[in-house]
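Colleague: Sharing a sequence plus its predicted fold:
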Amino acid sequence: MKLKTFLDILNNQVPFDSAESWDNVGLLVGDSSCNVSGIMTALDCTAEVVDEAIEKGCNTIVAHHPLIFKGMRAITEDAGYGRIIYKLIQNKINLIAMHTNLDVHPQGVNAMLAEHLELQSCKILLPETTDYYKVQVYIPETDATAFKLQLSKHGLATEGNYEHAFFNTKGQGQFKPVGDAQPHIGAIGEIKTVDEVKIEFMIDASQYQLAQQLINQHHPYETPVYDFLPLQKEIQRGLGMIGELSEPMTVEAFTTHVKKQLNMPSVRFIGNKNAAIQTVALIGGSGIGYEMSAMKQGADIFLTGDIKHHDALDAKTAGMNLLDINHYSEYVMKEGLVTLLNHWLEQQFDGRICASETHTDPYQYM
């Protein structure tokens, strides 16, 4: 399988453009024309992870955290991150980053954390929305079929796996051409009544200009009548997860459960130690700032990493329960992504797909 094919599959499953604007995802180092011999997933791309990929015969690393993120001044064999990039290039190892686009994927990092914690009835904590338009066009009944074929031919009026998705309402239109009008039907100065159809269909926000152009181009009237009604809808992606434990737990029992399920030596709790925990919200990595949204949705506790002193104090003052599970808790994506890749590449790749065994947590717990 060519690397370009692999990138296309990843982009189809976890769109790179669904990442945050500040993020750096996709192919960071590599040659899209090369063949993929093996794939290794990793949380971070360190020199040790590159060595592991070489040892396992994997020429492609898919990491969660982007290696190239901040500005770099040099790529040399003996200088920090430049050393890692130098080693990747020297050994012809491709590096792909799937960061915030994997965070918001419905089967991504947060879903993987929720599965490890055995949460049930999970849903996306902060679902994203997309802008779209409902379009209404009024056209003579005799011209409606040909008009809709032109719109459909250019990719408009699609709903999921369905094309040519129109709704038609019959009625009568009236108009009186005046002045310099050049009417398709009727005569100057006379009121004309025409059997018309109101055609309704949906378009993405990105199709606005195309739809307007096609309506004006293929509508028989000199001055077609149409409306674009702006709307929003939730899509199946977004940040975080919220779900239920099978039965309520004490704070002590829950923290023990979290440490066991995530194989963590320690966690930090903020809040009421006498609380009962059943509804759990979480955002992997650094999710502070969304704890109020979690509490408004009924969460008894909010899990995330990198909680700072003042954020913890603010939460405690507001009566919220937080659990700092460390940024490294996102390591669950390594095995989780292997499972997804095996499914996505089932018919197209028979090489090795494995998770890195290298521990990249920079902290030592004492």
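Modeller: Looks like it arrived, so ask away. The shown structure was predicted, so the numbers you read here are calculated from the model rather than taken from an experiment.
Colleague: contacts and neighbour counts: CA atoms only from here.
Modeller: OK.
Colleague: If you count contacts, what does the least confident helix or strand in the chain by mean pLDDT end up packed against?
Modeller: Lowest by mean pLDDT, DSSP states H and E among the helices and strands of the chain is helix 80-90, with a mean of 91. With contacts defined as 3 or more C-alpha pairs under 8 Å, 6 or more residues apart in numbering; DSSP states H and E, the packing partners of helix 80-90 are strand 26-29, helix 47-56.
Colleague: any chance of those in a markdown table, with distance to residue 67 and mean neighbour count too?
Modeller: Putting those into a markdown table (distance: least, C-alpha to C-alpha, whole Å; neighbours: other C-alpha atoms under 10 Å) gives the following:
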| stretch | distance to residue 67 | mean neighbour count |
| --- | --- | --- |
| strand 26-29 | 8 | 20 |
| helix 47-56 | 11 | 18 |
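Colleague: closest one to residue 125 among those?
Modeller: Ranking these by proximity to residue 125 (C-alpha to C-alpha) places strand 26-29 first, at 25.3 Å.
Colleague: got a list of contacts for the following helix or strand past that closest one?
Modeller: Using DSSP states H and E, the helix or strand that follows strand 26-29 in sequence is strand 38-42. Strand 38-42 is contacted by residues 49, 53, 57-64, 331, 333-335, 337-338, 351-356 when judged by C-alpha atoms under 8 Å, 6 or more residues apart in numbering.
Colleague: Inside strands: which ones of those?
Modeller: 60, 61, 62, 63, 352, 353, 354, 355 (DSSP state E).
Colleague: Which one (most neighbours) among these?
Modeller: In terms of neighbour count, residue 61 stands highest of the ones in strands among the contacts of strand 38-42 at 28 neighbours, by other C-alpha atoms under 10 Å.
Colleague: quick one: that one from residue 144, how far?
Modeller: Look at residue 61 and residue 144: by C-alpha to C-alpha, to the nearest Å, they are 52 Å apart.
Colleague: and what of residue 115?
Modeller: 51 Å.
Colleague: same deal with residue 130?
Modeller: Taking C-alpha to C-alpha, one finds residue 130 at 29 Å from residue 144.
Colleague: Looking at those two, which has the bigger crowd around it?
Modeller: residue 144 (19 against 11).
Colleague: Can you check the pLDDT for that one?
Modeller: As predicted, residue 144 sits at a pLDDT of 97.
Colleague: Then residue 103?
Modeller: Looking at residue 103, the pLDDT reads 97.
Colleague: Counting neighbours, what do you get for residue 135?
Modeller: When neighbours are defined as other C-alpha under 10 Å, residue 135 has 21 of them.
Colleague: still on that earlier bit, could you identify the most distant pair in the ones in strands among the contacts of strand 38-42?
Modeller: Spatially, the most separated pair among the ones in strands among the contacts of strand 38-42 is 63 and 352, at 16.1 Å (C-alpha to C-alpha).
Colleague: measure the nearest residue to residue 234 once chain neighbours are set aside to residue 18 for me?
Modeller: Nearest residue to residue 234, sequence neighbours excluded (C-alpha to C-alpha, 6 or more residues apart in numbering): residue 129, at 4.2 Å. To residue 18, residue 129 is 12 Å away according to C-alpha to C-alpha.
Colleague: same check, this time on residue 251
Modeller: Using C-alpha to C-alpha, residue 251 is found at 35 Å from residue 18.
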